[in-house]
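> Here is a sequence together with a model predicted from it:
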Amino acid sequence: MSVLVFVENNQGSFRKKSLESVLYAAHIAQNTGSIVTALVAGTATDSQLQALAEYGAQKILHLTDTRLDNFSTRPFAKAIIQAAKKESAKVIVALNDTTGRAVAPRVAANLMAGFAEGVMAYPDFSNGFVVKRNVFSGKAFANVKISSDIKVLTLIPNTFGVAKSNEGAIATIEKFDVAFDDLDFAVKVQSVEKASGAVPLAEAELVVSGGRGMKGPENWPILESLAAELGAATACSRPVADSHWRPHHEHVGQTGGTIRPNLYIAVGISGAIQHLAGVNGSKTIVVINKDPEAPFFQAANYGVLGDALEIVPRLTAAVRKFKQNNN
Amino acid sequence: MKILVCISQVPDTTSRIAFVDNNTKFNTQGVTWILNPYDEWYSLVRALELKEAGIAQAVHLITVGKADVEPVIRKALALGGDEAVRIDTETDDPYVTAVQIAHYAESNGYDVILCGKETLDYNVGSLGGMIAELLNMNYIGFAAKIDIAGNVATVCREIDGGEETDTCPLPLVISCQKGVAEPRIPNMRGIMAARTKPLKVVAPAPVQALTSVVSFDMPPAKTGVKMVDAENMDELVRLLHSEAKVI
C-alpha cells in the first residue's frame, strides 16, 4: 500500500511547492502505515531525483519518456493512474495549481476515487478520512469526508511548510514505462510564453502588489525596488491588469491567481471582495493606502495611511537599512 | 458542430457567507443567486460567439440541480443558448455532477464541451477533467483564448507564470477563464425568447457519491489592523521582523 505523490518536474529540478507535497504525502503515509511513492515524468538524473528522498519519498517511479517534458492532461493522467494501480495507492496527492488541477480530476474519475481540491490541512483520520478544503474563495472551509477506497487530493501550495525531514535518505528509483497511444498526444504545444520575473508569483513567500493607487505603469519601478530589496515577487489588482499596466499573469484576485504568501504588501489597492478572494490566505497583510475607508484595512494586519508613491520608497530604504544592520 | 456549455448556480460574490444547522449547511437566507461567472462570461459567451461566426451550429446548456436553479438557466437561454437540460438531482460531490453530465453528453454527441474554470461557491474546478476522462476525450484546462477552425481547436492556456498555446483536434473539453470572452448582458428580445426555449428535465443516472461535506468552518477572525505612522517605516520593518516574523 502506498501514498502516491505526483511531482512536477522542471528538467530535474523541483519547486518548493512540490517538495511540500512530498512532505504532505509522507505525513499521510506515517499515519496509515504506507510508503511514499513519488511519480516523476520527463528528464531528470537519478541524483536529482534523490532530492525527493530527503523530503520523505521512499520510492521514485521515473517515467523517462521525453514527450512528458511538456505537460498535457491525458498522458500524465494515464501515467498517474497506472502508477497508482501498480503501487496499490490508496491516496494520490497533487498540487492545486494549473497542472494538478487539470490532471487530478481525470485520475479521480478514472479510479472512481473521491476527490478533494484546494486542501489546506492534514487529513483527520479520527472519523474516516476528512480533509479541510477552501470554499467560497477562502471565506470559509468545508470539511469533506472521502468515503471511497482511493482518495485524490490537490494541495494549496505554501500551506504546510517545507523542511528536509530525512536528511541524506536514499530512495529506490525504478524506471517506469507507460504504453501511450496517439490520442494521448493529440494536444500539441505550439508556443510557450514565460514571464522572466525572478520569483514565480505562485510560490513567492513575499509579494508586493500594486493597484490603481500607483497612478500609472511609469511608477512601477518604485514597487519593483521594494520587491527587489525584499526578494519578493510583484503582483497587481484587476484594474491594473485590465489597463495593461502589468501583464495578466501578475493579476491576483477572484478572476486572477490565488496566492498565500507569508507577506502580502498591498499598495494602492482598495481591497474589493474579489481581490481579497485571491489573497486572503496570506499570513500577514500590509495595506498602504491614502483612503482611510479602504475596505482592505479591515483585512490587514498592518496599515499605513498615506500616499503610496511617498511611502513605498521610504519602506524600501527602511528594509535596506534593516538588512545592513542584520548582516 | 455542437457545443455543450456546463452551467451552475452560485451565490453572488458579495453574499454573506454563513452556515446553519450546526455549521453543516450553507445559509441561503437572503442570498442572491447568479449564474457562475466563469460559466457565463467566458464559456457561454465564447460558445455564442462561435455560433455567430458560423463555426458552431448549436449551443446547448446543461446543469445539475433541482427546480430552484431554473431562473439562472433562463438567463443563460436569454443570453443565447438554444436549449437547456437540467439533470434533476442535487449533490455536493464533484464526481456525481461529472457522471450526470458525461452520461447525458455521451448519448447526445458534442464536439466541444465548455465549463468555467471553477464554481464560485465550492471552488470546484474538476468538472471538465472528470467529464473528459469519463468520455475518453482530450481536455485543456484554464483556457484564456479559444479558436476553432475546421476540426481543430487552438487554445491558449495559463501555465505557472505564463501562457502556452496548444492545438487539439475535436472532440475536446475545455475549462474557461478570463480572456476567453467579454461579459454580455441579455437583451429584451433574448429574455422574451428564453421563455419559450426548450428546457428539458432529465432524471439522474444512478451513481453513488464518493465524498460528502461533514461541516463548514469560518477562518479565524483577523485581530484588527495595527496602524503604523507613514513617516516611520523603520517601525513597520521592525514589526514585520519581530512580531509577524515574515522578514
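Yep, that arrived.
> Any idea how many residues pack against A:Ala294?
A:Ala294 has 22 neighbours, counted by other Cβ atoms under 10 Å in any protein chain shown. Where you see a C-beta, it was placed from the backbone N, CA and C, and this is true even at glycine.
> Okay, A:Asn327 and B:Asp21: tell me how far apart.
Using Cβ to Cβ, to the nearest Å, A:Asn327 is found at 56 Å from B:Asp21.
> more neighbours, these two?
Ranked by neighbour count (other Cβ under 10 Å), A:Asn327 and B:Asp21 place B:Asp21 first, with 9 against 5.
> is the strand ranked longest in chain B up against chain A anywhere?
Secondary structure of chain B read by DSSP state E shows that its longest strand is strand B:138-149. Yes. Strand B:138-149 comes into contact with chain A (Cβ under 8 Å from any Cβ of the partner chain), by way of B:138-142, B:144.
> Okay, now the unreliable bits of the chain?
No chain specified, so I'll use chain A. Along chain A, the model assigns pLDDT under 70 to residues A:195-198.
> Break it down into its structural domains.
Taking automatic domain parsing as the domain assignment, the ranges for chain A are A:2-185, A:201-325.
> Could you export those domains as JSON lines, including distance to B:Glu163?
Compiled in JSON lines, the domains of chain A are given as follows (distance: least, Cβ to Cβ, whole Å):
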{"stretch": "domain A:2-185", "distance to B:Glu163": "10"}
{"stretch": "domain A:201-325", "distance to B:Glu163": "7"}
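> Need the phi and psi values for the closest residue to A:Gln11 other than its chain neighbours.
Nearest non-adjacent residue to A:Gln11, counting by Cβ to Cβ, 6 or more residues apart in numbering or on different chains: A:Thr43, 5.4 Å away. When read as degrees, to the nearest 10, the backbone of A:Thr43 gives phi -70, psi 130.
> isn't A:Thr43 right up against A:Leu49?
No. Counting by Cβ atoms under 8 Å, A:Thr43 sits too far from A:Leu49 to count as a contact (10.8 Å).
> quick one: common contacting residues for the two?
The contact sets of A:Thr43 and A:Leu49 overlap at A:Gly12 (Cβ atoms under 8 Å, 6 or more residues apart in numbering or on different chains).
> Between the two, tell me which one has more neighbours.
Higher neighbour count among A:Thr43 and A:Leu49: A:Leu49, with 21 against 16, using other Cβ under 10 Å.
> List the beta-bridge partners for the residue nearest to that one when sequence neighbours are not counted.
Using Cβ to Cβ, 6+ apart and skipping residues adjacent in sequence, the residue nearest A:Leu49 is A:Ile60, 5.1 Å away. Beta-bridge partners recorded for A:Ile60 (DSSP bridges): A:Ala38, A:Ile173.
> how far away is A:Ile60 from chain B?
From A:Ile60 across to chain B, the span is 22 Å (Cβ to the nearest Cβ, to the nearest Å).
> quick revisit: of all the residues in the longest strand of chain B, which ones are buried?
For strand B:138-149, the neighbour count (16 or more other Cβ atoms under 10 Å in any protein chain shown) marks B:138-144, B:146, B:148 as buried.
> Tell me if I'm right that the residue nearest to A:Leu49 and A:Ile173 touch.
Yes. With contact defined as Cβ under 8 Å, A:Ile60 counts as touching A:Ile173 (4.8 Å).
> which residues are in contact with both of those two?
Counting by Cβ under 8 Å, 6+ apart, the common neighbours of A:Ile60 and A:Ile173 are A:Leu49.
> Comparing these two, which shows the higher neighbour count?
Using other Cβ under 10 Å, the more surrounded residue of A:Ile60 and A:Ile173 is A:Ile60, with 25 against 20.
> Can you show me the helices along chain B?
Assigned by DSSP state H, chain B shows helices spanning B:37, B:45-52, B:70-79, B:94-108, B:127-134, B:188-194, B:233-238.
> Show residues contacting the third one.
Just to be clear, that refers to helix B:70-79. B:5, B:7-9, B:33-35, B:39-40, B:44-45, B:48, B:61, B:63, B:83-84, B:86, B:184, B:186, B:190-191, B:193-195, B:197, B:199.
> and the residues you listed, which are buried?
Among these, those classed as buried by 16+ other Cβ under 10 Å are B:5, B:7-9, B:33-35, B:39-40, B:44-45, B:48, B:61, B:63, B:84, B:86, B:186, B:190, B:194, B:197, B:199.
> how close does the closest residue to B:Val207 other than its chain neighbours get to B:Gln9?
Nearest residue to B:Val207, sequence neighbours excluded (Cβ to Cβ, 6+ apart): B:Val99, at 4.5 Å. Shown here: B:Val99 relative to B:Gln9, a distance of 19 Å by Cβ to Cβ.
> And for A:Val319?
Taking Cβ to Cβ, one finds A:Val319 at 47 Å from B:Gln9.
> what's the spacing between stretch B:193-202 and its chain's center?
21 Å (Cα atoms, centre = their mean, to the nearest Å).
> Show the end-to-end separation of it, please.
22 Å (Cα to Cα, to the nearest Å).
> list the contacts for residue 223?
In the absence of a named chain, chain A is used. Contact partners of A:Leu223, counting by Cβ under 8 Å, 6+ apart, are A:208, A:210, A:214, A:234, A:267, A:312.
> Switch to chain B, please.
A:Asn301.
> Setting the sequence-adjacent residues aside, check what's closest to B:Ile204.
If you look again at residue B:204, you'll see it is Pro, not Ile. In space, and not counting its chain neighbours, B:Pro204 is closest to B:Thr89: 3.8 Å by Cβ to Cβ, 6+ apart.
> gap between the one you found and B:Val45?
To B:Val45, B:Thr89 is 27 Å away according to Cβ to Cβ.
> And the helices in chain A, which stretches?
Assigned helices in chain A, in chain order: A:16-32, A:46-49, A:73-86, A:98-111, A:220-230, A:238-242, A:273-279, A:296-299, A:308-325 (criterion: DSSP H).
> so the last one versus helix A:220-230, what angle?
So that's helix A:308-325. Put simply, helix A:308-325 runs at 20 degrees to helix A:220-230, going by axes from the mean of the first three to the mean of the last three Cα atoms, to 10 degrees.
> Mind giving me the packing neighbours of helix A:308-325?
If you count contacts as 3 or more Cβ pairs under 8 Å, 6 or more residues apart in numbering or on different chains; DSSP states H and E, helix A:308-325 packs onto helix A:220-230, strand A:284-289, helix B:233-238.
> what does the stretch 201-327 of chain A put close to chain B?
For the stretch 201-327 of chain A, the residues in contact with chain B (Cβ under 8 Å from any Cβ) are A:201-202, A:205-206, A:230, A:248-249, A:254-256, A:262-263, A:273-274, A:277, A:280, A:283-284, A:286-287, A:297-306, A:310-311, A:314-315, A:317-319, A:321-322.
> Tell me which two in the contacts of A:Leu223 are the farthest apart.
Farthest apart among the contacts of A:Leu223 by Cβ to Cβ are A:Thr234 and A:Val312. That separation is 11.9 Å.
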